[in-house]
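A.B. asks: prediction below, plus the sequence it came from.
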Amino acid sequence: MKMQLDKSRQGQAMVEYIIIVVVIAVAALVVFGLFGDTIKKKMSGAVSALDEDLGSDAQTEAGKSSADTLRNLEADGTGN
């Protein structure tokens, strides 16, 4: 009897860990969704500080908002 009780508690703990991981993943997606353009601009600034050739391309891409990219994706299917 005691062994069955311990196994069910282990299963319960696993479910709790999975729920925590899912909540953290959803929170990360929400944060990236809200601050995606800001994160993109910061990353392009870091890239341009490391490599000027790639940095200019990154700065150009960072100038586009994610809403513009989605609109272009719906219009022509490429997102450019």
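C.D. replies: Right, received. Where do you want to start? Residues are numbered from 1 along each chain as shown.

A.B. asks: packing partners of the helix or strand that contains residue 11?
C.D. replies: Assigned by DSSP states H and E, residue 11 falls within helix 2-50. Helix 2-50 is packed against helix 52-62, helix 66-76, with contacts defined by 3 or more CB pairs under 8 Å, 6 or more residues apart in numbering; DSSP states H and E. Every residue, glycine included, has its C-beta placed from N, CA and C.

A.B. asks: let's see 7 Å
C.D. replies: For helix 2-50, the packing partners by 3 or more CB pairs under 7 Å, 6 or more residues apart in numbering; DSSP states H and E come out as helix 52-62.

A.B. asks: what is the rounded mean pLDDT of the helix it packs on?
C.D. replies: In this model, helix 52-62 carries a mean pLDDT of 69.

A.B. asks: low pLDDT regions in the chain?
C.D. replies: Applying pLDDT under 70 to the chain picks out residues 1-10, 54-55, 58-59, 61-66, 69-70, 73, 77-80.

A.B. asks: swap the cut-off to 80 and go again
C.D. replies: The chain contains residues with pLDDT under 80 at 1-12, 37-38, 40-80.

A.B. asks: for residue 38, give its distance to residue 16.
C.D. replies: Residue 38 sits 33 Å away from residue 16, going by CB to CB, to the nearest Å.

A.B. asks: ignore the last one, residue 35
C.D. replies: Taken as CB to CB, the span from residue 35 to residue 16 is 29 Å.

A.B. asks: burial of residue 36, as a residue count?
C.D. replies: Applying other CB atoms under 10 Å, we find 14 residues neighbouring residue 36.

A.B. asks: same check on residue 14?
C.D. replies: Counted with other CB under 10 Å, residues neighbouring residue 14 total 10.

A.B. asks: and it, what does it touch?
C.D. replies: With CB atoms under 7 Å, 6 or more residues apart in numbering as the criterion, no residue contacts residue 14.

A.B. asks: now residue 51: phi and psi?
C.D. replies: phi -150, psi 110 (degrees, to the nearest 10).
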